[in-house]
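> sequence and predicted model, in that order:
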Amino acid sequence: LWALSIVQYSLLVREVRFGAIAKAGISSTFVGGVAGVAAAVMGAGVWAIALQLLVTVAVNTLVLWFVSGWRPAASMRPRSTSEMFRYGRWVVLSAALEVLYTQGFAALIGKLYGVRELGLFSRAQNVQQLPSGSIAAIIGRVAFSLFSRRADEPEAIGRAVRMANRAAMLVNAPMMVGLALLAEPALLVLFGPQWTPAAPVLTVLAFAGFLLPISAINLQVLLATGRSDSFFRVEIGKKLVGIAFVAIGSFFGIMGLAWAQLIFSVVALAMNLHTVAQVTSYTLMPQVRDLADILLPLAIMTAVVLVIEAILTGSPFVMVAVAVLAGALAYGLTGLGLRLPSFMEGLDLLPPRLRRLVPWISS
């Protein structure tokens with residue numbers, strides 16, 4: 001069913017109509033949830049989950065068809081089909097390669113260290129990927145739309161990459177640093193004491209997720225400009241390097257694998273940027289310089305969180321809540337107070353009503 005609406009979804013993304021996509025997602029999730037709960041109450045058992053998924057996808061498809069003006073034509077253009085196949089085959093192969101690499105990595109941990117270590121590593125990885133992966137996916141969809149409209153303008157693509165990087169890192173950087181600092185109490189609050197042994201792994205993986213949105217955004221440049229073959233080649237290269245890091249890290253337990261992931265994230269970013277250099281001159285060092293202004297607010301936030309973590313030794317929930325609130329305030333007020341470029345650009349992306357809440361900054 002999802003395949004029936006993939007064209008409508010893609011067109012809405014290209015037109016930056018994320019409000020329509022959100023309406024489809026929210027409505028379908030609500031209707032699917034009601035259907036699943038009703039089926040469970042009526043004794044459907046595990047079939048209630050299957051029904052929930054089916055109804056959610058069906059409603060989402062119907063809503064996307066309703067809000068999108070595109071309808072399939074009765075004719076087919078062989079040339080267009082051929083071009084789509086040449087482009088899409090590399091994307092499909094890249095996705096398959098990613099699945100094989102990810103699942104093979106999990107299988108290796110289970111084989112070498114057992115179910116317990118696999119569970120700890122997977123828990124830490126899932127917690128790290130929830131914020132960083134979500135940010136990378138959201139910004140990536142917007143970035144693809146912006147980049148594809150400027151496919152023949154390298155300078156314009158460079159400006160769009162700068163804007164997307166700053167927007168992504170403005171949110172992702174404090175979240176990953178905060179997650180690294182509060183790994184143990186966060187796991188204790190969210191999942192209970194049985195998962196706190198995963199805290200050291202989560203700390204390392206959080207720093208590995210620091211650069212994830214930048215890698216994702218830069219790869220969107222290749223896809224948006226039609227260079228899916230280059231996208232596939234860089235993915236093959238990264239997976240080969242990743243396998244080498246995993247092989248070395250496996251000698252040092254799951255912490256060795258976590259450190260291997262951290263080092264690999266830096267190498268993967270460098271490989272992505274080297275490939276993207278064929279499209280735009282906005283390469284590694286300019287991107288690093290444009291993101292350097294978030295370092296001072298991050299340092300102040302880190303100091304605030306560490307002080308609170310040392311003072312509040314009672315309830316983990318209270319400590320995490322206070323540390324997150326105080327750290328976010330320290331980070332945001334420092335950047336906005338100093339009128340740092342990344343923060344001012346981020347402020348411009350907010351709706352006017354929210355910007356009016358800080359008139360002393362926006363004036």
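Thanks, I have the structure now. Quick caveat: nothing in here was measured; it's all calculated off a predicted structure. Residues are numbered from 1 along each chain as shown.

> now residue 206: how far from residue 25?
In this view, residue 206 and residue 25 are 27 Å apart by C-beta to C-beta, to the nearest Å. C-beta coordinates here come from the backbone N, C-alpha and C atoms, glycine included.

> between those two, who's got more neighbours?
The residue with more neighbours, out of residue 206 and residue 25 and counting by other C-beta atoms under 10 Å, is residue 206; that gives 26 against 16.

> this structure: strands as residue ranges?
Residue ranges of strands cannot be listed for the chain, since DSSP state E assigns none.

> so where's it shaky on pLDDT?
With pLDDT under 70 as the threshold, the chain has low-confidence stretches at 16, 18, 74, 76, 80, 350-363.

> report the central residue of it.
The residue at the geometric middle of the chain, judged as the C-alpha nearest the mean C-alpha position with C-alpha atoms, centre = their mean, is residue 133 (2.3 Å).

> with adjacent residues omitted, what lies nearest to it?
Nearest non-adjacent residue to residue 133, counting by C-beta to C-beta, 6 or more residues apart in numbering: residue 212, 7.0 Å away.

> OK, contacts around residue 213?
132, 135, 136, 139, 140, 165, 168, 169, 172 (C-beta atoms under 8 Å, 6 or more residues apart in numbering).

> I misspoke; the intended subject was residue 209.
Contact analysis of residue 209 by C-beta under 8 Å, 6+ apart lists 128, 129, 131, 132, 133, 172, 176, 265.

> what's the closest of the residues you listed to residue 258?
residue 128 (9.8 Å; C-beta to C-beta).

> which residue packs closest to the closest one, ignoring adjacent ones?
Once its chain neighbours are removed from consideration, residue 128 has its nearest residue in residue 205; the separation is 4.3 Å (C-beta to C-beta, 6+ apart).

> what ranges do the helices span in the stretch 151-300 of the chain?
In the stretch 151-300 of the chain, the helices defined using DSSP state H, counting those that start in this stretch lie at 154-181, 183-191, 199-208, 212-224, 228-249, 253-276, 284-291, 295-311.

> got TSV for those, with distance to residue 72 too?
Putting these into TSV (distance: least, C-beta to C-beta, whole Å) gives the following:
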stretch	distance to residue 72
helix 154-181	31
helix 183-191	45
helix 199-208	42
helix 212-224	23
helix 228-249	23
helix 253-276	34
helix 284-291	40
helix 295-311	49
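
> looking at these, spot the one closest to residue 319.
When the helices of the stretch 151-300 of the chain are ranked by proximity to residue 319, the top entry is helix 183-191, at 5.7 Å, counting by C-beta to C-beta.

> and the contacts of that closest one?
Residues outside helix 183-191 that contact it (C-beta under 8 Å, 6+ apart) are 123-124, 127, 179, 195-196, 198-200, 202-203, 206, 309, 316-317, 319-320.
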